[in-house]
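>>> take a look and give me a structure for this.
(one chain, ligands or ions: 1)
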Amino acid sequence: MRIPFIAGNWKMFKNRAEAEAFALEFKDLYQGTDIRAAICAPFTDLDTLVKLFEGTGIGVGAQNVHFEEEGAFTGEVSVRMLEDIGVDYCIVGHSERRQYFAETNETVNLKLKKLLASSIRPIMCCGESLEQRDSGVLFDFVKTQLEEGLAGISADDVKRVVIAYEPIWAIGTGRTATPEQAEEMCAFIRKTLIEMYDEETADEIIIQYGGSVKPANASEIMNQDEIDGALVGGASLKAADFMQIIDF
Ligand code: PGA
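Alright, predicted model coming up:
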């Protein structure tokens with residue numbers, strides 16, 4: 001039985017005062033909810049959120065991490081540093097990082113392995129571009145992202161990985177995948193996980209959909225069999241909107 005999991009991805013939005021205001025409003029709204037929720041915030045907001053969400057059950061996530069233990073990597077943050085301040089999740093391989101910051105399946109794989117050796121759960125993003133969808137290579141493309149991204153990761157460890165299917169053409173565009181398109185790919189992802197691991201393992205893995213999820217479309221997406229949650233960008237910036245999605 002997979003417990004639905006909705007994560008917000010704030011991207012490069014909200015300073016400390018704004019994060020604080022969100023947290024105070026959101027923790028009141030969230031009280032008594034049994035759906036799992038987390039906010040993935042800029043590094044500068046993480047400590048604030050961890051402290052304000054303490055004891056509420058709301059998780060806190062980073063949006064990136066480096067795969068080395070420590071060293072001369074100017075501008076980077078390590079898994080240990082995130083763990084040290086109490087971060088619960090970390091997004092890996094978001095399409096914006098693949099597009100603008102040279103993230104590859106290989107670096108995704110290194111980051112996943114480092115995170116899986118810690119207490120932090122990775123949220124691994126995958127998803128095709130519009131050209132890939134239109135030319136029919138979408139399934140092959142996502143399969144390669146999974147095979148290369150998860151290479152060498154054991155069945156026990158992979159159960160801690162949340163997979164977020166985010167078609168690039170649906171991110172920040174207002175153009176959501178139809179529930180059928182989202183379900184079709186999430187079912188394909190689970191089938192691929194069965195091939196890579198086994199049925200019992202694949203059955204436990206949380207698969208989220210992401211891309212223009214908002215209060216108005218959350219329930220039709222979340223009611224699909226193979227979709228266990230959502231990764232929400234723009235609509236996670238307002239506590240009331242994000243709560244409405246969690247209450248799908
Ligand atoms: P969006 O972003 O909900 O604003 O489309 C989703 C994401 O990039 O994770």
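
>>> does A23 really touch F53, like I thought?
Yes - A23 lies in contact with F53 (CB atoms under 8 Å); the separation is 6.3 Å. Backbone N, C-alpha and C define where each C-beta goes, glycine included.

>>> overlap in contacts of those two?
Counting by CB atoms under 8 Å, 6 or more residues apart in numbering, the contacts common to A23 and F53 are I39.

>>> where is the longest helix in this structure?
helix 179-196 (DSSP state H).

>>> okay, buried residues for it please.
By neighbour count with 16 or more other CB atoms under 10 Å, helix 179-196 contains the buried residues P179, A182, E183, E184, M185, C186, F188, I189, R190, T192, L193, M196.

>>> packing partners of it?
Identification of packing neighbours for helix 179-196 by 3 or more CB pairs under 8 Å, 6 or more residues apart in numbering; DSSP states H and E yields helix 138-149, strand 162-165, helix 199-204, strand 207-210, helix 218-222.

>>> nearest to L49, out of those?
strand 162-165 (18.2 Å; CB to CB).

>>> need the helix or strand of the protein with the lowest average pLDDT.
In the chain, no helix or strand scores lower on mean pLDDT, DSSP states H and E than helix 130-134, which sits at a mean of 94.

>>> now it, how far from the chain's geometric center?
22 Å (CA atoms, centre = their mean, to the nearest Å).

>>> any residues touching it, and which ones?
Applying CB under 8 Å, 6+ apart, the set of residues contacting helix 130-134 from outside is L138, F141, P167, I168, W169.

>>> can you rerun that using 6 Å?
Residues outside helix 130-134 that contact it (CB atoms under 6 Å, 6 or more residues apart in numbering): L138, F141, W169.

>>> and the closest residue to H66 other than its chain neighbours, how far from the ligand?
Of all residues not flanking H66 in the chain, E76 sits nearest, at 3.9 Å (CB to CB, 6 or more residues apart in numbering). Remark: distance between E76 and the ligand (CB to the nearest ligand atom, to the nearest Å) = 21 Å.

>>> just give me the neighbour total for the closest residue to the ligand within the chain.
Among the residues of the chain, G233 lies closest to the ligand, at 2.2 Å counting by CB to the nearest ligand atom. When neighbours are defined as other CB atoms under 10 Å, G233 has 22 of them.

>>> can you tell me, leaving aside adjacent residues, what's nearest to A62?
Leaving aside its chain neighbours, A62 sits nearest to C90 (4.5 Å; criterion: CB to CB, 6+ apart).

>>> got the angle for the longest helix of the chain vs helix 138-149?
Interaxial angle of helix 179-196 relative to helix 138-149 (axes from the mean of the first three to the mean of the last three CA atoms, to 10 degrees): 40 degrees.

>>> tell me the residues of this structure that contact the ligand?
Listed as neighbours of the ligand in the chain under the rule CB under 6 Å from any ligand atom: 9, 166, 171-172, 210-213, 231-235.

>>> if we use 8 Å, what do you get?
Residues of the chain lying close to the ligand (CB under 8 Å from any ligand atom) are 9, 11, 91, 94-96, 125, 164, 166, 170-174, 210-214, 231-236.
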